[in-house]
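Enquirer: For reference, the sequence and a predicted model appear below.
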Amino acid sequence: MTRIQYSVTDMANKHGRSREALLPILQDIYQAKHVISDEDMVNVARELDISAAHVYGTATFYSFLETQQSGKYIIRLCKTITCMMHGKNPVLQELERILKIKPGQTTPDGLFTLKETNCLGQCHKGPAMLVNDNPHTQLTPESVREIIDSYRREALSY
Amino acid sequence: MIKNLKRLDLIFKNEQDTEAILEKTLARSNEEIVNDLIDSGLKGRGGAGFPTGLKWRLAADDPADEKYIICNADEGEPGTFKDREILSSVPNKVLAGMAVCARIIGSKQGFIYLRNEYKFLVPGLEIVISEFHELMDRLNLEFRVAIFMGSGAYICGEESALFESMEGKRGEPRNKPPYPTNFGYKGKPTVINNVETLAHTYSIFKYGPDKFRDLGIKDSRGSKVFSVSGDTPIPGIYELEFGMTLQKFVDDFGDGDSKAVQVGGASGFCVPRKKFEKTIIGYQGKLTGVSLPTGGSMMIFNSSRSMYNVLRNYLDFFVEESCGQCTPCRVGTQQLLLGIEAVKRGEKPSGYLDKLLELAETMRLTAKCGLGQSVANSFSSIVENFREEMIY
Amino acid sequence: MSDQVTLKIDGISVSVKRGTTVLDAAKTINIRIPTLCHHEDLCVAGNCRVCVVEQTGTDRLIPACAMPAADGMEIHSNSLKVRNARKQIVELLVSEHRAECTTCYKNGNCELQALSHEYIIGENGYINLIPLKEYTIDYYSPSIIKDDSKCIRCQRCVRTCDELQGVGALTVSHKGSEMKISTFMDKPIYQVVCTNCGQCVNRCPTGALVERHYIDEVWAAIYNEKKFVVVQTAPAVRVALAEALGHEPGEIVTGKMVAALRRLGFDAVLDTDFTADLTIIEEGHELLQRLKRALKDKDPDVKLPMTTSCSPGWVKFLEHIFPEFMENLSTAKSPQQMFGALAKTFYASKIGVEPASMVSVSIMPCTAKKYEANRPEMYASGYQDVDYVLTTRELALMIKQAGIDFNSLADDDYDSIMGESSGAGVIFGATGGVMEAALRTVYEVVTGREVPFDGLNITPVRGVEGVREASILINKTLPEWSFLEGVELKTCVAHGLNNARNVMKAVRDGSASYHFIEIMACPGGCLGGGGQPIPTSSDIRKRRSSAIYQEDSQKVIRKSHENPEIVQIYKEFLIEPLGHTSHKLLHTKYTARERY
């Protein structure tokens, strides 16, 4: 994720001010900050001249938009049947153990948010997860340890 | 390893002749192209199976000035990953199909609605699209394609929910009629085709309708890309001819101990071992016997799997992914899930399953869109065929 | 293509206009198909699926509310397949509804309850979802209680707030089993853009949205011998109260209502129509003063157009959405609040009652009035000017509680003073009424002649159109008003906040220019208010409207400035319009608010 902070006005200038611009704008905000805050929603509502409640109602419909702060790395582990069949639960347990959080939570250092998600379209290579936009497949408890470590190192190198 | 099944290499064949094929195709009249599509027997590969040529003709016949062609790449059906593969290996074919459709219906703007889970495909697609735009300029076709990212909602694969989502709203399916070919994105006539469908049009433009038509069986023509997963030694993407029996399929892809195959994902049907031989994979048609509509998801379960767990997983999925607007789907999915859990725990008698089967039927009859209507497919086929596994 | 289509419903052939839904086609031949999410004031939703019917040749059932009738259709509204499906859908809705009917405020006026009764939903239904979920009951607003556990997600409220009111305080949030009706960030409704108009309450089929009631508090005041309880009745109540007591819409029951209030034990029964007349005097002079500053003094700071301020929903809407126009709002208080301020000052001293021991109650067609009475600006008398606001519905309930046979009551008259009104005060209850009342007075003040309309009926400002414009040429003015000679006074009337929004946008971008705008938050004006009897429809509102204009036409006095009690109160107490006392008691100021 990029750390550049855009203003909502800039985003409205980029995507336009019609209702069709709403999701691209919310996606950009989320991409930049991993949260869509109250203030952002009110500003988007003002720019697009729609009700703030509808911005909220739309944002909460979609699982890739959140109105609560997520970590730098959002882990979305697939919980659909074929990933389940191929060992998703041990992978989840390992993630919980090394991150010391449950699904839906964020590590205290703000690095990782753990979520379970529906089918990622990687069923032939399950278990699978996304870390931000990047897919990781054929996961094992061993491989997720390594993957998490590599993100930790990446975060340290900034 | 593949013994009996006819494996094909149409869709994924790497062909570098997009420009020539488009030139050849666009030199023909709209009517000729549409007739070819209709003659080929191509039906939508997303699962609903509407004849593609007819869809294009309906949109072409609408007198509106502003029209859209949308490629539906919101592939969210559990067990399906073919569109991802097509978009990463042969996106040029998909774009070519969109260009021809645009010329026929009179559209200047196309979109690829890409699910957020596939965001990693964007950089590659953007390169292909910019080359495609240069090609459009060379062909003097005023047509542009943009990627619209989904935001994470299975229901947005339903076409009218997809339009709502593109319009900046909650992805809630609309009442039909009106249909997309008259009232789609922004209320304008819109053709919305699945990724695979568009890729197939390319083969039809190139090889003609007959070659496509020769494949498959009545009412289910051509080849189909299948996403094979579950208890199989060879999971992956396979392009196969329509018309095979499930027995043949299992013989080739199963692990020797297959007890059931879920055809068409969570919204499809579960076929038990005893029905493998009688079940033919294709669209529903009169002469094909027991046949199944399919978006190409094939999940194989062996005898170590609890079908109760499978069903519970599906229902959990529907409870979350229902848009929530209509009663049968919003409340019905919750009742089905809680109901089988209660029977499993012994809190409800096994006869409660019959009440749930009736409920599933009511959902099929009354839900607003395909999601709610098709929950009954997996629910009834699993409960009826594996009833003993549902009971405490 | 013919513009008629012919279909068969339950074997009966029916021809309807193309585009008519199956539901409406069935209505024309008196076949009732049950509905829940459908409401004739709102766009089609097709969400609840209770209206499903069978079409010959189609396997799946179709929603009658959303399906256009087509030639050759054969519809079965009551087949076994339909009945089974419908019953299961009602069962599903009951399973997610906190069905505690006996303790529910909407008991007896709940559409889900009625359907549940009709389909005999027993206890062998589905698993009760209510104990499995967290739900919120928001009872912090002085006007409206929102109880999510009673909500069946039909979205009538969301569509009302959006389509009719353009407010968008309510939305649908989340999806699947989590889907619910929310405000911005699920804040309590008193913290958000909600105007308290109560139109959602009027359309909620269950008890998920109801008014906050103050019946018990009012009974306590009545039974407290140390309290002197005065009650005022708004113009629109008298033409709708009877509906809540089993009568047809459009009946005028002013005299019976006064008699009933007296029987309930109120110490003085007075009329908001009186302060409606007073509002006209104050607001009319304010308009003239603004026009004078603009046209004669060329004062660049004067704000025009001036808009009315008697609808508290509209006032709050403007404070949220158009705060830049706050100075355009007339500073005149609404009739309810003028009454409240005068009751505990002028009236109290007149009858020799300590204001501290006076309890001031108002009967309003409105839920926003409950909020208005609680605004911090409304303590002009040194006390809360209006203590309790009851809706028309609450009054009907009190009448029932008291065992009063409303039909057999003999007509009674209001007490005096503050009980007399003109026809101009009465028509405040209908959209366009304030404008008409103001013009009757302002024109006469300026020219010394009556408004040039037959029978004083200024028909261009009447009607049901959402936005109506009218202009009136002022000529042969009295010398004092010569700067208005030849001026065409441009006016605009809008009802329903969505229309108000459009008018204000047009004013903002300069595409419309007016001197005076009347805005009522509710469709039809106060007669369609959020506190009026349920149900509501355009037909019901039309019948209430006819009743109001009938009441006006039967009045001897038709102009506010000719109301003898108005003349008296200026002589004895207020001295002059916009004077010192008026400024202190009858005018107010406004507060800019957030837009969510």
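Expert: Right, received. Where do you want to start?
Enquirer: Spell out which helix or strand contains B:Glu277, please.
Expert: Taking DSSP states H and E as the definition, one finds B:Glu277 inside no helix or strand.
Enquirer: Which residues are in contact with the spatially closest residue to it that is not a sequence neighbour?
Expert: Nearest residue to B:Glu277, sequence neighbours excluded (C-beta to C-beta, 6 or more residues apart in numbering or on different chains): B:Gln247, at 4.6 Å. For every residue, glycine as well, the C-beta is placed using N, CA and C. Residues near B:Gln247 by C-beta atoms under 8 Å, 6 or more residues apart in numbering or on different chains: B:276-277, B:279.
Enquirer: got it, and B:Val310?
Expert: Residues in contact with B:Val310, defined by C-beta under 8 Å, 6+ apart, are A:81, B:262, B:270, B:301, B:382.
Enquirer: any idea whether it is helix, strand or coil?
Expert: Following DSSP: H, G, I helix; E, B strand; the rest coil, we place B:Val310 in the helix state.
Enquirer: and the residue of chain A nearest chain C?
Expert: A:Ser51 (2.4 Å; C-beta to the nearest C-beta).
Enquirer: isn't that residue right next to C:Thr171, touching?
Expert: Yes. At 6.9 Å, A:Ser51 and C:Thr171 qualify as touching, with contact defined as C-beta atoms under 8 Å.
Enquirer: Which neighbours do the two have in common?
Expert: In contact with both A:Ser51 and C:Thr171: C:Phe184, using C-beta under 8 Å, 6+ apart.
Enquirer: where does the chain dip in pLDDT?
Expert: Here I'm looking at chain A. A:1-5 (pLDDT under 70).
Enquirer: Wait, chain C was what I had in mind.
Expert: Scanning chain C for pLDDT under 70 picks out the ranges C:1.
Enquirer: quick revisit: out of the contacts of B:Gln247, who has the most neighbours?
Expert: Among these, B:Thr279 has the most neighbours (other C-beta atoms under 10 Å in any protein chain shown), with 22 neighbours.
Enquirer: Kindly state the pLDDT recorded for it?
Expert: Per-residue pLDDT puts B:Thr279 at 90.
Enquirer: Okay, the residue lying closest to it once chain neighbours are set aside and C:Arg263: tell me how far apart.
Expert: The shortest distance from B:Thr279 to any non-neighbouring residue, by C-beta to C-beta, 6+ apart, is to B:Leu246 (4.2 Å). Computed as C-beta to C-beta, to the nearest Å, the B:Leu246 to C:Arg263 distance reads 79 Å.
Enquirer: Pick out whichever of those two has more residues nearby.
Expert: Higher neighbour count among B:Leu246 and C:Arg263: B:Leu246, with 26 against 15, using other C-beta under 10 Å.
Enquirer: wait, isn't that one in contact with B:Ile281?
Expert: Yes. Shown here, B:Leu246 and B:Ile281 form a contact pair, counting by C-beta under 8 Å, at 6.6 Å.
Enquirer: who touches both of these two?
Expert: Shared contacts of B:Leu246 and B:Ile281, defined by C-beta under 8 Å, 6+ apart, are found at B:Val263.
Enquirer: Contact partners for the one residue sitting closest to the centre of chain A?
Expert: Centrality entry for chain A: nearest residue to the mean C-alpha point is A:Ile74, 4.5 Å, by C-alpha atoms, centre = their mean. Residues counted as contacts of A:Ile74 (C-beta under 8 Å, 6+ apart) are A:34, A:112-113, A:115, A:130-132.
Enquirer: domain parsing for the chain?
Expert: Defaulting to chain A. Using automatic domain parsing, the domain ranges for chain A come out as A:8-59, A:73-156.
Enquirer: My question was about chain C, not that one.
Expert: C:4-78, C:93-211, C:217-274+C:336-408.
Enquirer: does any part of the first one sit near chain A?
Expert: Yep, that's domain C:4-78 we're talking about. No. Figure legend: domain C:4-78 not in contact with chain A (C-beta under 8 Å from any C-beta of the partner chain); closest approach 14.9 Å.
Enquirer: and what of stretch B:150-168?
Expert: Yes. With C-beta under 8 Å from any C-beta as the criterion, chain A is reached by stretch B:150-168 at B:150-154, B:165-168.
Enquirer: a markdown table please, covering these and showing neighbour count and secondary structure.
Expert: As requested, the residues of stretch B:150-168 next to chain A are arranged in a markdown table below (neighbours: other C-beta atoms under 10 Å in any protein chain shown; DSSP: H, G, I helix; E, B strand; the rest coil):
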| residue | neighbour count | secondary structure |
| --- | --- | --- |
| B:Gly150 | 28 | coil |
| B:Ser151 | 21 | coil |
| B:Gly152 | 21 | coil |
| B:Ala153 | 29 | coil |
| B:Tyr154 | 29 | helix |
| B:Ser165 | 26 | helix |
| B:Met166 | 24 | helix |
| B:Glu167 | 16 | coil |
| B:Gly168 | 21 | coil |
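Enquirer: ok, and of those residues, which contact chain C?
Expert: When contact is defined as C-beta under 8 Å from any C-beta, those meet chain C at B:Ala153.
Enquirer: I'd like to check which residues are in contact with the residue nearest in space to the middle of chain C.
Expert: Per C-alpha atoms, centre = their mean, the C-alpha nearest to the average position across chain C is that of C:Gly529, at 1.3 Å. By C-beta under 8 Å, 6+ apart, the residues touching C:Gly529 are C:197-198, C:236, C:364-367, C:392, C:522.
Enquirer: In strands, which of the residues you listed appear?
Expert: Of those, the ones assigned to strands by DSSP state E are C:Met364.
Enquirer: now for the contacts of C:Gly529, which pair is the farthest apart?
Expert: The most widely separated members of those are C:Cys197 and C:Thr392, with 14.6 Å between them, by C-beta to C-beta.
Enquirer: who's more crowded, these two?
Expert: C:Cys197 (35 against 27).
Enquirer: isn't the more buried one right up against C:Tyr371?
Expert: No. Using C-beta under 8 Å, C:Cys197 is not in contact with C:Tyr371, being 9.7 Å away.
Enquirer: Contacts only, for B:Arg273.
Expert: Here B:Arg273 is in contact with B:258-260 (C-beta under 8 Å, 6+ apart).
Enquirer: Identify, from the residues of stretch B:150-168 next to chain A, the entry nearest to B:Glu321.
Expert: Nearest member of these to B:Glu321, counting by C-beta to C-beta, is B:Tyr154, at 3.9 Å.
Enquirer: Backbone dihedrals for the residue of chain A most remote from its centre, please?
Expert: In terms of distance from the mean C-alpha position of chain A, A:Asp49 ranks first, at 27.1 Å (C-alpha atoms, centre = their mean). A:Asp49 has phi and psi values of phi 50, psi 50 when expressed as degrees, to the nearest 10.
Enquirer: The one 4 residues further on now?
Expert: Taking degrees, to the nearest 10, you get phi -60, psi -40 for the backbone angles of A:Ala53.
Enquirer: That one - how many residues pack around it?
Expert: A:Ala53 has 31 nearby residues by other C-beta under 10 Å.
Enquirer: Pretty sure it sits against C:Val172.
Expert: No. Counting by C-beta under 8 Å, A:Ala53 does not reach C:Val172; the two are 9.4 Å apart.
Enquirer: what do these two both touch?
Expert: With C-beta under 8 Å, 6+ apart, A:Ala53 and C:Val172 have common neighbours C:Ser182.
Enquirer: how close does the closest residue in space to C:Phe266 that isn't next to it in sequence sit to chain A?
Expert: Leaving out its chain neighbours, the residue that sits closest to C:Phe266 by C-beta to C-beta, 6+ apart is C:Val231, at 4.3 Å. Remark: distance between C:Val231 and chain A (C-beta to the nearest C-beta, to the nearest Å) = 36 Å.
Enquirer: and stretch C:207-220, is it in reach of chain B?
Expert: No. Stretch C:207-220 is not in contact with chain B by C-beta under 8 Å from any C-beta; minimum separation 14.8 Å.
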